[in-house]
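Engineer: Generate a structure from the sequence data that follows.
(2 chains)
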Amino acid sequence: MKEQISALLDGEGNDLEREHALRALGTDPALRGAWERYHLASAAIRRELEVMVSPGLADRLQERLQHEAQENTARRSLSPRVLKFTAGLAIAASVATVAILNLPPLVSPSAVSVARNASSPATGKSKSTVAETRQTPLDQRNALNPYLVQHGEFTPAAGMNGLLSYVRVIGRDSAATDNANTE
Amino acid sequence: MTGFFLRRFTLAVQLGLAASLAQAADAQTLFARMHQVGRSLDYEGTFVYQHGDQLESLRIVHKTGTSGVRERLVSLNGAPREIIRTDSEVRCYLPDENAALIEHRRAGDRNFPALLPDSLALLKGNYTVHVGKEGRVAGRKAVSVRIKPRDAYRYGYLLWADEASGLLLKASLLDERGGVVEQYMFTQVSIGKPIPESELKPQYPTKGIVWQHADDETQALSTGQWTATRLPVGFTLSARMMRMLPAHKQPVEHLVYSDGLAVVSVFVEKVGDEAKPNALSGLTHMGAVHAFGKVVDGHQVTVVGEAPALTVDMIGESVGSGP
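Structural biologist: Numbering: from 1, shown residues only, chains lettered A, B, ... in the order given. Modelled structure (predicted):
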């Protein structure tokens, strides 16, 4: 089935296969995860997309659509089987729209911005704010040094036996800090 | 017809499996050598460290012996900072800040969580590992290892190790699009030649400098008052301890979260009576390191990690008091 999902992403396959893939996407959370990963991988390979779909987007969309579908049920009393299929098509179409139109949705785990979609377990509420990540100001960098040194002890051997973490403490010249100050 | 496709599929799976097993064996051997070289070989050299549009040059001297591993790291441009590291402590000389930090290292568990062969299997859940091409770094034959994350919650790595010794000669941290977040690379290195003792001494005068000691030994904790309730897939709590930080009056609870490669540290300490103008608030970054700060219930929470903004933000936002 994952091959069919991949084909769907690539715009391949006949109508029957597409329908089959869309139906499966609507019912299988694992496949929706695969769909997101393929989309991320595809976007990363092409390096075309500024915005990527956040993990769990498909599930959140499906949850929303199912909620709407339940409201429709009350009004129109469709059979659950038909509803499930309709929701499946809708979720896949919605995800595809986000993917194709490159809409700026809920997202973007990029180096410059971060989307927070935190659910508070205490309240069950969710919030969605986007914060720009700025360079750490110089005075805060100095205050962070003791933390970075302690953190460095746990950095893996991939960073040359933790070397990289210490490089960050001393490896910045005055020009770099001047730049950080003016930002 | 079905049989034909089934045979092709089976063959493809077998070939793929064989290739990945061979890759895994190579990666394990290489990681083991990369780890071992730090404990058994002397080396010294000059390397460049690039982050964003900044380029720094540093010198490293690494000496092994009966008294353990000792290492001196010196910045060659800008402020003359240096770090001398032994098995028991880390001394940071920061003359531009008129300060020196002395930090005790934990006993045992050096280089945690080291990329040892055993932990490679653990990595597979969150990363794919490929031993790749042969090339040259600092005039030496090198072999590459590419560690690709399976999602956007961690960085990827492209490592180049010396073919003869296993010493890591070049390392790049890559974002989810494959762009370089930061990297360092030896431009000159000498491996296996004896290092004179004088090379391990601090180079700059320390007269008049303020020494900031971490007073007490680290105390491991089985349970603690603080926890992060939301973690990206694959991250678990790896260590928890109470520590004293240099120039900090209050003990700090240190929680370490890791996916086997990426590490995020959470520090929680009581906010004292004195105002702390430099206390971290919100999310910022220094090269590949993201830092997050907030105050909860009269406690300052500081989170640092070589991980994408998304990861540090998720962990930092969810830190609260609880089991």
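Engineer: Walk me through the domains of chain A.
Structural biologist: In terms of domains, chain A is parsed into A:2-102, A:138-182 (source: automatic domain parsing).
Engineer: weakest of those by average pLDDT?
Structural biologist: Mean pLDDT across the domains of chain A is lowest at domain A:2-102; the value there is a mean of 56.
Engineer: buried ones in the host helix or strand of residue A:17?
Structural biologist: For residue A:17, the host element (DSSP states H and E) is helix A:15-27. Using 16 or more other C-beta atoms under 10 Å in any protein chain shown as the test for burial, helix A:15-27 gives A:18, A:21-22, A:24-26. Heads up, the C-betas are built off the backbone N, CA and C, glycines and all.
Engineer: Can you lay out these as TSV showing distance to chain B?
Structural biologist: Output for the buried residues of helix A:15-27, formatted as TSV (distance: C-beta to the nearest C-beta, whole Å):
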residue	distance to chain B
A:18	21
A:21	19
A:22	24
A:24	20
A:25	19
A:26	22
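Engineer: what sits against residue B:322?
Structural biologist: By C-beta atoms under 8 Å, 6 or more residues apart in numbering or on different chains, the contact set of residue B:322 is B:225-227, B:229.
Engineer: Averaged pLDDT, stretch B:205-219. What do you get?
Structural biologist: The model assigns stretch B:205-219 a mean pLDDT of 64.
Engineer: Helices along chain B, start to end?
Structural biologist: Taking DSSP state H as the criterion, chain B carries its helices at B:2-40, B:117-123, B:309-318.
Engineer: weakest of those by average pLDDT?
Structural biologist: Among the helices of chain B, helix B:2-40 scores lowest, at a mean of 61.
Engineer: gap between residue B:145 and residue A:23?
Structural biologist: 41 Å (C-beta to C-beta, to the nearest Å).
Engineer: Can you find the residue of chain B that comes nearest to chain A?
Structural biologist: Here the residue of chain B nearest chain A is residue B:78; by C-beta to the nearest C-beta that distance is 2.2 Å.
Engineer: Can you check what pLDDT the model gives that residue?
Structural biologist: If you check residue B:78, the pLDDT there is 80.
Engineer: can you count the residues close to it?
Structural biologist: 19 (other C-beta atoms under 10 Å in any protein chain shown).
Engineer: isn't it right up against residue B:56?
Structural biologist: Yes. Under the criterion of C-beta atoms under 8 Å, residue B:78 makes contact with residue B:56 at 7.2 Å.
Engineer: so who does the spatially closest residue to residue B:295 that is not a sequence neighbour touch?
Structural biologist: In space, and not counting its chain neighbours, residue B:295 is closest to residue B:271: 6.2 Å by C-beta to C-beta, 6 or more residues apart in numbering or on different chains. Residue B:271 is in contact with B:279, B:295, B:298-300, counting by C-beta under 8 Å, 6+ apart.
Engineer: Give me the nearest residue to residue B:150, chain neighbours excluded.
Structural biologist: Leaving aside its sequence neighbours, residue B:150 sits nearest to residue B:126 (C-beta to C-beta, 6+ apart; 5.6 Å).
Engineer: distance between the ends of stretch B:68-81?
Structural biologist: 23 Å (C-alpha to C-alpha, to the nearest Å).
Engineer: List the buried residues for it?
Structural biologist: B:69-75, B:78, B:81.
Engineer: any idea which of those residues is closest to residue B:311?
Structural biologist: Minimum distance to residue B:311 across the buried residues of stretch B:68-81 is 26.9 Å, recorded for residue B:73 (C-beta to C-beta).
Engineer: State the number of residues packed around the nearest residue to residue B:43 once chain neighbours are set aside.
Structural biologist: Distances taken as C-beta to C-beta, 6+ apart place residue B:191 nearest to residue B:43, at 4.5 Å, with adjacent residues excluded. Number of residues near residue B:191 (other C-beta under 10 Å) recorded here: 20.
Engineer: Could you do residue B:57 as well?
Structural biologist: Per other C-beta under 10 Å, the neighbour tally for residue B:57 reads 16.
Engineer: contacting residues for the nearest residue to it once chain neighbours are set aside?
Structural biologist: Nearest in space to residue B:57, with sequence neighbours left out and distances taken as C-beta to C-beta, 6+ apart, is residue B:76 at 4.3 Å. Residue B:76 makes contacts with B:46, B:56-59, as judged by C-beta under 8 Å, 6+ apart.
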